[in-house]
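[1] Could you work out the structure for the sequence below:
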Amino acid sequence: MLGLILLLYALNKFFQFMPVPEMRREAVSFYSSLVNTGYIMPVVAVFEILVSLALFSGRYIALAMAVLFPLSLNFVFFHLFLDPPNIIPALLTLGLNVYFLFRYRRAYRELLLPR
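    A predicted model of the protein is given here:
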């Protein structure tokens, strides 16, 4: 499910086949500035596609979840502070991300050891 969500949102960044929901003025201003840079949204989309491919293949899932976490956290913060009515997909993404982080927690053991 997480792979499908990410893939759909990533492809939509390139092909705009899903309508953008109504957003508050502040959210539109911030989102528009990200789109207008010309590079942030395609970079986010590429990471979303790579994570979805890792999920579909069943390989590198621990790495994919580590890469996805800052993105999914920012999705939630964007909606929490700028667009609360549309927060559900972001919460679902973060929730699934945290589930997989917990499920693959043994893969992070070495990273979390103090040196």
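[2] Does residue 92 lie in a helix or a strand, and which?
    helix 88-103 (DSSP states H and E).
[3] Show me what that helix is packed against.
    helix 2-15, helix 61-82 (3 or more CB pairs under 8 Å, 6 or more residues apart in numbering; DSSP states H and E). For the C-beta atoms, the positions are set from N, CA and C on the backbone; glycine is no exception.
[4] List of residues touching the longest one?
    Meaning helix 61-82. 6, 23-24, 26-27, 30-31, 44, 47-48, 50-51, 54-55, 86-87, 89-91, 93-94, 97, 100-101, 104, 107-108 (CB atoms under 8 Å, 6 or more residues apart in numbering).
[5] When you filter these down to buried only, what's left?
    6, 23, 27, 30-31, 44, 47-48, 50-51, 54-55, 86-87, 90, 93-94, 97, 100-101 (16 or more other CB atoms under 10 Å).
[6] Tell me how far the residue lying closest to residue 23 once chain neighbours are set aside lies from residue 24.
    Leaving aside its chain neighbours, residue 23 sits nearest to residue 83 (4.8 Å; criterion: CB to CB, 6 or more residues apart in numbering). Using CB to CB, to the nearest Å, one obtains 6 Å as the distance from residue 83 to residue 24.
[7] how would you label residue 111: helix, strand or coil?
    Following DSSP: H, G, I helix; E, B strand; the rest coil, the label given to residue 111 is coil.
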